[in-house]
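Need a 3D model of the sequence below.
(2 chains)
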Amino acid sequence: MNRYPLWVNLLVALVILGGVLFALPNIFGADPALQITREDGALVAEFTVPEIIAALDEQEIEYFEAGLDDQAVVVRFPDVAMQLRASQVLGEALPFHIVALTRAPRTPAWLRFLGLEPMSLGLDLRGGVHFLYQVDLEYALDQLMQTYARDLRTRLREEGIRNTGISVLAGNTIQFGVQDLARMDDAEAVIRVLDPLLVVNRTTIEDQPGFQVQLTPTQITERQNFAIQQNTITLRNRVNELGVAEPVVQRQGLNRIVVQLPGVQDPAQAERILGATATLEFRLVDWENDAFAAMQNNRPPLGSLLRYRRDGTPELLRRDMIVSGDQLTDASFGYSQGLPAVYVRLNSQGAGRMLETTQANLGRPMAVLFIEEKPELIERDGEQILRNTREETVISVATIQGVFSSNFQITGLTPFEGQDLSLMLRAGALATPILKVEERTIGPSLGQDNIEKGRAAVLTGFLLVVLFMAGYYRVFGLTADLALFANLILIVALLSMLQASLTLPGIAGIVLTVGMAVDANVLIFERIREELRNGNSPQASIRSGYEKAFSTIADANITTLIAASVLWVFGTGPIRGFATTLGLGIVTSMFTAIVGTRAVINLIYGSRQVKQLSIGGSRA
Amino acid sequence: MVNSTLNIDFMSGRRIALMLSAVLILFSLGSLATRGLNFGLDFTGGDLLELSYAGEADLADIRAALTEDGFDSPVVQNFGTVSDVLVRLPPRAETEGTSTRDRVISVLQARDSSVELRRFEFVGPQVGEELTEQGGLAMLIALILIFIYVMIRFRWKFAAGTIAALVHDVIIVVGFFSILGFGFDLTILAAILATIGYSLNDTIVVFDRIRENFRVIRRGTAEEIINVSINQMLGRTLITSATTLMVLICLFLLGGETVAGFALALIVGVVVGTYSSIYIASAAALALQVSPEDLIPPKREEIDDMP
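Numbers count the residues shown, from 1 in each chain, chains lettered A, B, ... in the order given. Next up is the predicted model:
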């Protein structure tokens, strides 16, 4: 007799039922939809919904449903054309809101109530843009060294220590010579006060005693991490301005940031906003000299920089920067005493410098310099090197009206300029330039094609295998087919549960799994046939067939699992998608093909006298 | 389909099989040395655009338009249908990918406004280099891990046989892509790793039976026992290969151009893997004079007794 204890049968039933439940949300499909959130992240107001409905009705745009979700208003549309039109209409009708294109799953309320969701689709299936950016960490370190050099210059001057001039060398080293040997200890004390962690070495520079100052490895790592984190946050803010539902912005490896924008239709626009690698600086305007004169002989006075506004007006700026964009923590647009104003907030370091500057320069003009970095690959000594060309524009000049530090306003702008400036200040606070090193854009029509082709391949392959197994192994083949079906359901259920996104290579993994999952059953059934041929009774053959095949199945699957794991660890994006479904498929197939089919076979043959098994092939 | 009383003398034919394999490997290595691989964008870097036209696309005109606009040696070819076009541009030193997409589109739109961008890929040279490195490393680590696993389960002679079969498979599949000049990208690499998994699967199933038979059939030479084992597992080997090939052919024919190369690599891999698990793995083990002591682990594993 072959019977499973009740708990095993219950376990099989439970796993399959659970699988069906988790896989269920996937059969309902999704509507093209718009997701409307507020720019400042606050909850969308109740009265926004009627406003949306009114705007849509006015333009005679058809929609299914508009309702307040957790944090956003979701409006569903019958087709993509309506969705796109509505996105334009609502974008204009709702200032201070982000209108994002999305797909809203048609999951019934009771499933949503249980927290069940369909699996998410990868970019190659739903269309969208994938950017990989590289952060210029060398630049970030160099910038830090320049800050130290500047501070050191000031302090040494304050202490009256005469030096040969401070230079920043490659390899994150600051070097300077001290002209008065007796002041060497004082100079070292100045460095220590500046930052006690710095590595300080006494050395000889051009026959003068001097210092070499370097960062510790920890400081280097900290600075690099900071640069990446800040870029990630800035990119995230820019993505929010783009209006994309479910974007991904995350660090990848040491110096990369991956940005994924599902459903984006215009990659060029996305790139313009994301890829503008901009920084900004607050500088005092050189009020003592004439900018036009400097422009005419193209020679700025010592200690000043000649820069231009967008309209070509020249401005002379003081060489010493007050604060740079990485010290800016927030900028927003508003009205101050009825006049448009941009509210700026600085971190404590920036606030300190701003306080000093404004105390000394009340009533003088201060400029905001906007710096766009255009990364270029140039060839040097046969190697490709990343270099940046800078384009610097003065975007605002304002008079310092009072002493301030961490919070201040920039006034004297039109509302339009103000909004623009606050946006640029916020988005432009990128401290370190980034370079796009990879892009993968999938148009929406290709995504839909890929879904249809993937579905056709899975279904046809599945059907062929099912027919083949049933024809070759009869009743046993049918149980294997049931197991295969259950396996598909379990893979979909696991993908939905893990919210891992399904990609085209992922579908390929499922197809491969369908072909390979029956292997376990083939092994078992061939073994049963063999046992029957050796003259064993049907029941004994079933038992020993399952038992003897087990270690072989385990060995074979573990090796495939090794290959899948290696792919998962080393692969990125598409490769990982393939490895995920292949790996999940192997694990679930072990369960369905061994325990699952055994449970069914036991139900059919287990508790009765059997003379013949319907397993095809030999006449036992 | 497969009769159980089959008793094909696989092992005596192993010399012919080894010669065949040697020839295939020589051709593969020869082609790899002279022609190399037609590396895809993932490895070389550069730009790739998939375009769709309303009617039949004029490839020569597209090529001319791009060359005129200063794009160096663009590769323009049909992709699946006559109205779909794949454009590939080599990586350029001084510009970045930003404008390439928009520039190509505007150049081509000026000639035929029906052109639609379906896919754009840009891979920077440094990313390509890394991916090549990572791919090679992944392959190596997979082989090492598998060697360790088979060592633990079967002792070293069989592990060596397994690895011989895997290296054999990898060389032939890569050689296939080199000889026919098909594009070799990341997905092909993934397919080869999956092939390693599959071929191994096959090999292990045969080895498992050889081990069992060494235990059960105490008489007989190693060659005889290996022959019996291969014959016993032949039905399973062929049926599993058949179902796998079935789904792969579906994927090749229905899955679209993007996964066709991937499916093809797997199809070749499954065919070669099936053959190598019969001939190469066992023959290698035999050549290393495998004996029962090489197979039977000190104690029986408990998992053998599980349902």
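
I'd assumed A:Arg76 was in contact with A:Glu65.
Yes: using Cβ atoms under 8 Å, A:Glu65 and A:Arg76 qualify as a contacting pair, with a distance of 5.0 Å. C-beta: built from backbone N, CA, C; applies to glycine.

Of the two, give the one with the bigger neighbour count.
Counted by other Cβ atoms under 10 Å in any protein chain shown, A:Glu65 and A:Arg76 do not tie: A:Arg76 has more neighbours, with 20 against 11.

Make sure that one is actually in contact with A:Ala104.
Yes: at 5.4 Å, A:Arg76 counts as touching A:Ala104 under the criterion of Cβ under 8 Å.

which ones are touching the closest residue to A:Ala500 other than its chain neighbours?
Nearest residue to A:Ala500, sequence neighbours excluded (Cβ to Cβ, 6 or more residues apart in numbering or on different chains): A:Thr580, at 5.6 Å. By Cβ atoms under 8 Å, 6 or more residues apart in numbering or on different chains, A:Thr580 lies in contact with A:495, A:500, A:506, A:509, A:568.

How about A:Leu34?
Per Cβ under 8 Å, 6+ apart, neighbours of A:Leu34: A:74-75, A:77, A:83, A:86-87, A:90, A:99-102.

Any regions of chain B where pLDDT drops low?
Within chain B, the stretches with pLDDT under 70 are B:1-6, B:92-99, B:292-307.

nearest to chain B, of the contacts of A:Thr580?
Within these, proximity to chain B (Cβ to the nearest Cβ) peaks at A:Gly509, which comes in at 8.3 Å.

Centre-most residue in the chain?
You didn't pick a chain, so chain A it is. A:Val249 (2.1 Å; Cα atoms, centre = their mean).

Oops, wrong one, chain B.
Short answer for chain B (Cα atoms, centre = their mean): B:Ile192, at 3.0 Å.

how near is A:Tyr546 to chain B?
Using Cβ to the nearest Cβ, to the nearest Å, A:Tyr546 is found at 6 Å from chain B.

What strand or helix carries that residue?
helix A:538-570 (DSSP states H and E).

May I have the secondary structure class of the residue in the stretch 101-250 of chain A positioned nearest to chain B?
Closest to chain B within the stretch 101-250 of chain A is A:Leu132: 6.9 Å, counting by Cβ to the nearest Cβ. Under the three-state scheme (DSSP: H, G, I helix; E, B strand; the rest coil), A:Leu132 adopts strand.

if we can go back for a sec, could you measure the residue nearest to A:Ala500 against A:Thr592, distance?
18 Å (Cβ to Cβ, to the nearest Å).

Skipping adjacent residues, who's closest to A:Trp568 in space?
A:Ala579 is the one closest to A:Trp568 (Cβ to Cβ, 6+ apart), at 3.9 Å.

Tell me how many other residues crowd that neighbour.
25.

Just to check, it is in contact with A:Leu567?
Yes: the criterion here is Cβ under 8 Å, and A:Ala579 meets it with A:Leu567 at 3.7 Å.

any idea how the chain splits into domains?
The chain I'm using is chain A. Domain assignment for chain A by automatic domain parsing gives A:6-24+A:443-606, A:30-105, A:138-220, A:276-439.

that's the wrong chain, I meant chain B
According to automatic domain parsing, the domains of chain B span B:11-39+B:128-305, B:46-123.

out of these, deepest packed?
By mean neighbour count, with neighbours taken as mean count of other Cβ atoms under 10 Å in any protein chain shown, domain B:11-39+B:128-305 ranks first of the domains of chain B at a mean of 20.

Which residues of the stretch 101-250 of chain A lie near chain B?
A:124, A:132, A:134 (Cβ under 8 Å from any Cβ of the partner chain).

So which of the residues you listed wins on neighbours?
Counting by other Cβ under 10 Å, top hit in those: A:Asp124 with 27 neighbours.

Enumerate every residue touching A:Thr572.
A:Thr572 makes contact with A:Gln252 under the criterion Cβ under 8 Å, 6+ apart.

Ramachandran coordinates for it?
phi -120, psi 170 (degrees, to the nearest 10).
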